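Chemist: Please work out how this folds:
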Amino acid sequence: MKTCALNIAVWLCLLSLLTMFAPSLNAQARPQSAYLQFPSDTAALYPFYQRVAQWQNTGQGRINVLHIGASHVQAGVFSHRMRWHFSHLGDTAALPSRGLIFPFSAARTNNPPYYKVRSEGTWKTTRNVYKDYDIDLGMSGIAITTQDTTARVHVKLNKDSSLLYQFSRIRLLCNAPSPSFIPLVNDSLFGTYDRATQSWTFQLTQVQDSFSLSFVENKAVKAFMTNNLMAFSDKCSDYFQLNGILLDNDNPGISYHAIGVNGASVHDYIRCRHFQRDIQLIKPDLVIFGIGINDATKPEFTQELFVHQYDTLINYLQAANPHLTMIFMTNNDSYIRRKTPNKNALVAQAAFVELAEKHHAALWDVFDMMGGLGSARRWRDKALMKPDLVHFTNAGYEYLGDCLFEAIMHDYQQYLKTKPHE
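Modeler: Numbers count the residues shown, from 1 in each chain. Next comes the predicted model:
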């Protein structure tokens, strides 16, 4: 445990240097609210910390963190900064699973900059923010579908060299199987279809950092595969639907999964019919909730409704792991049409305090850390926020990642002091 505590202390020193050289704000930029708050239970994250400490001390164990939000998360910079920090708590030469990804570029929307996606053929996009849609979405909140048998998707991890992720298993989260669309990986590898999760799993013979998805074209092979599918599936479709991709390996450590759809609200995720089913594939140990910025733009936004919707989403997640721990992030300060501070941030802040108290969770108060109502302009002036006064720049997202991770590590250190023999 001494080694574990020493590693955390060293990492906190490095983090302090990172934030020291980040674009400066005023003296109130990182008040006490920059640390985690615990409205009802100071030991709220201890089950998560226990698993982390066991992994650090024994080199064994697989831990899953889920960060769920909207455009702040789809952008990928904030979540990847957190992923980078967590990876450095262990052996970066043998990284754990990269976890859940989605081919956003194939959906004609912004893709996180840390993996490259290229698509061919015709793909249609469905997002949970649409008022009406006619397919069943999963935990990603977004899907691409095709009826083009020549369609393909190519994925390559590690666009930069800061973290080198590899995988030996690929799970495609799909829909009911289609006789016309039997998926192949790298043009030759067949997968196994699981009816319960409506997913295809491909076991690779060696670790890789890229793959391509295509469809079987040989009629004889397609007929053989279709007969096998019909033997254990009572339902087939006439198109192929991709809801997400899980890239896995057998390495221990902390896998950081990110779910984010531009414009999404809590209600939009609740609407996803297969959210509960898919989340069972992750079973998160820690969930970082960052949904709320879009909820607070709606005229009907109230604290009561917001809390009720979050309660429903939390029930979905606790069904996958009753022992999960949670961190609620308040909304950041933002402006309406760049002119007026959105006062609903104060309502959301109160709601997040209520949620953290009710669910024995941690609270990270981004709103107060920024400086409260109207502070977005100061962050914009320091190049940490974009001109829209809603979204952050890459430097801003990285700064948030540094601050949140430092807050978690500060609390983790307190855990190590109180639980020295675990």
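Chemist: Go through stretch 39-48 and flag the buried ones.
Modeler: Using 16 or more other Cβ atoms under 10 Å as the test for burial, stretch 39-48 gives 39, 42, 44, 45, 46, 48. Every residue, glycine included, has its C-beta placed from N, CA and C.
Chemist: cool, and stretch 110-117?
Modeler: 111, 112, 114, 115, 116, 117.
Chemist: Now compare those and name the two farthest from each other.
Modeler: Across these, the longest distance by Cβ to Cβ is 11.1 Å; it joins 114 and 117.
Chemist: Now do the phi/psi pair for residue 304.
Modeler: Backbone torsions for residue 304, taken as degrees, to the nearest 10, come to phi -60, psi -50.
Chemist: Let's verify the spatially closest residue to residue 159 that is not a sequence neighbour: helix, strand, or coil?
Modeler: Closest residue in space to residue 159, ignoring its immediate chain neighbours: residue 116 at 5.3 Å, by Cβ to Cβ, 6 or more residues apart in numbering. Following DSSP: H, G, I helix; E, B strand; the rest coil, residue 116 is assigned to strand.
Chemist: ditto for residue 306
Modeler: The three-state assignment at residue 306 reads helix, by three-state DSSP.
Chemist: can I get the CA coordinates of stretch 68-85 in CSV?
Modeler: Presented in CSV, the C-alpha positions along stretch 68-85 are these (Å, rounded to 0.1, in the frame of the first residue of the first chain):
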residue,chain,number,x,y,z
ILE,A,68,-21.7,9.8,-20.1
GLY,A,69,-22.7,13.2,-21.4
ALA,A,70,-23.5,15.0,-24.6
SER,A,71,-21.3,17.1,-26.9
HIS,A,72,-18.7,17.6,-24.2
VAL,A,73,-18.1,13.9,-24.3
GLN,A,74,-18.6,13.2,-28.0
ALA,A,75,-15.8,15.6,-28.7
GLY,A,76,-13.6,13.1,-27.0
VAL,A,77,-10.9,15.4,-25.5
PHE,A,78,-12.2,15.6,-21.9
SER,A,79,-12.8,11.8,-21.7
HIS,A,80,-9.5,10.9,-23.3
ARG,A,81,-7.6,13.2,-20.9
MET,A,82,-9.2,11.2,-18.1
ARG,A,83,-8.3,8.0,-19.9
TRP,A,84,-4.7,9.1,-20.2
HIS,A,85,-4.5,9.9,-16.5
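Chemist: buried sites along that stretch?
Modeler: Result for stretch 68-85 [16+ other Cβ under 10 Å]: buried residues 68-85.
Chemist: quick one: contacts for the nearest residue to residue 408 once chain neighbours are set aside?
Modeler: Leaving aside its sequence neighbours, residue 408 sits nearest to residue 36 (Cβ to Cβ, 6+ apart; 6.8 Å). With contacts taken as Cβ atoms under 8 Å, 6 or more residues apart in numbering, residue 36 has the following neighbours: 45, 327, 362, 363, 364, 407, 408, 410, 411.
Chemist: if we can go back for a sec, ok, the buried residues of stretch 110-117 vs residue 90, which is closest?
Modeler: Of all the buried residues of stretch 110-117, residue 114 has the smallest distance to residue 90: 18.7 Å, by Cβ to Cβ.
Chemist: On the three-state scheme, the spatially closest residue to the closest one that is not a sequence neighbour is what?
Modeler: Distances taken as Cβ to Cβ, 6+ apart put residue 80 closest to residue 114, at 5.1 Å, once the chain neighbours are dropped. In three-state terms, and counting by three-state DSSP, residue 80 is helix.
Chemist: Now do the same contact list for residue 80.
Modeler: 112, 114, 258, 401.
Chemist: what do you get for residue 348?
Modeler: 292, 295, 296, 301, 303, 306, 330, 331, 367.
Chemist: The fourth one: neighbour count?
Modeler: Under the neighbour criterion other Cβ atoms under 10 Å, residue 301 is assigned a count of 18.
Chemist: Okay, and which of the contacts of residue 36 map to helices?
Modeler: 407, 408, 410, 411 (DSSP state H).
Chemist: circling back to that earlier point, mind checking which of the buried residues of stretch 68-85 land in helices?
Modeler: Checked against DSSP H, those include these in helices: 71-74, 77-85.
Chemist: ok, back up a step: report the separation between the residue nearest to residue 408 and residue 410.
Modeler: As judged by Cβ to Cβ, to the nearest Å, residue 36 and residue 410 stand 7 Å apart.
Chemist: What segments of the protein are helices?
Modeler: Using DSSP H, helices in the chain cover 2-20, 46-58, 71-74, 77-87, 219-232, 266-270, 275-279, 303-320, 344-358, 366-370, 376-381, 394-418.
Chemist: Which one of those helices lies nearest to residue 103?
Modeler: Between these, helix 71-74 lies closest to residue 103; by Cβ to Cβ that is 12.4 Å.
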